[in-house]
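A.B. asks: have a look at this prediction, sequence included:
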Amino acid sequence: MIVASIHARYKMDADRMTKRVVTTMRQPVFKIWGHALGRLIQRRPPFECRVEEILDAVAESCAAVEISGDPYRLEMEPRWVREARKRKIKFVVSVDAHSMRELNNLRFGIGIARRGWVRRGEVLNALGVKAF
């Protein structure tokens, strides 16, 4: 699985950032949109983009969206999770852990998934190996 995440140049305008992310989504090796909007709570706002256009590209590429349990990220917002579900996009609930202790943050990711009405069968890392 290849996860594509924005890690630099967050201050692009919405047109350029949308094009950047959509271009990435259309790469055949891409499978998960990680750190979807790049926000860090109380430190960095989400980057500007047209989320619905990006979700359309994710759906076309049969990729998934990360729901982060990192308490500094808590992405995606529930409204965008629901928009992804409308497009039949699957999810990966993660913690972006950099230590053993941070593995406990999974509950926050599950909470975001629940607020977005995600069902267990829509979460790739909740499936068995063959279904995954």
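C.D. replies: That came through fine.
A.B. asks: now Glu83, nearest residue through space, not along the chain?
C.D. replies: Computed as Cβ to Cβ, 6 or more residues apart in numbering, the closest residue to Glu83 that is not its neighbour in sequence is Leu55, at 5.7 Å. All C-beta spots, glycine's among them, are computed from the backbone N, C-alpha and C.
A.B. asks: count the neighbours of that neighbour for me.
C.D. replies: For Leu55, the neighbour count with other Cβ atoms under 10 Å is 22.
A.B. asks: do Asp70 as well
C.D. replies: 20.
A.B. asks: report the contact partners of it.
C.D. replies: By Cβ atoms under 8 Å, 6 or more residues apart in numbering, Asp70 lies in contact with Val95, Asp96, Glu102, Asn105, Phe108.
A.B. asks: and what of Val123?
C.D. replies: Lys90, Phe91, Val92, Val93, Ala113.
A.B. asks: rerun that using 7 Å as the cut-off
C.D. replies: Neighbour list for Val123: Phe91, Val93, Ala113 [criterion: Cβ atoms under 7 Å, 6 or more residues apart in numbering].
A.B. asks: who wins for most neighbours among those residues?
C.D. replies: Phe91 (25 neighbours).
A.B. asks: tell me which stretches of this structure form strands.
C.D. replies: Secondary structure of the chain by DSSP state E: the strands cover 3-4, 32-33, 64-68, 90-94.
A.B. asks: thinking again about what came up before, pretty sure the residue nearest to Glu83 contacts Arg82?
C.D. replies: No. Using Cβ atoms under 7 Å, Leu55 is not in contact with Arg82; the gap is 10.6 Å.
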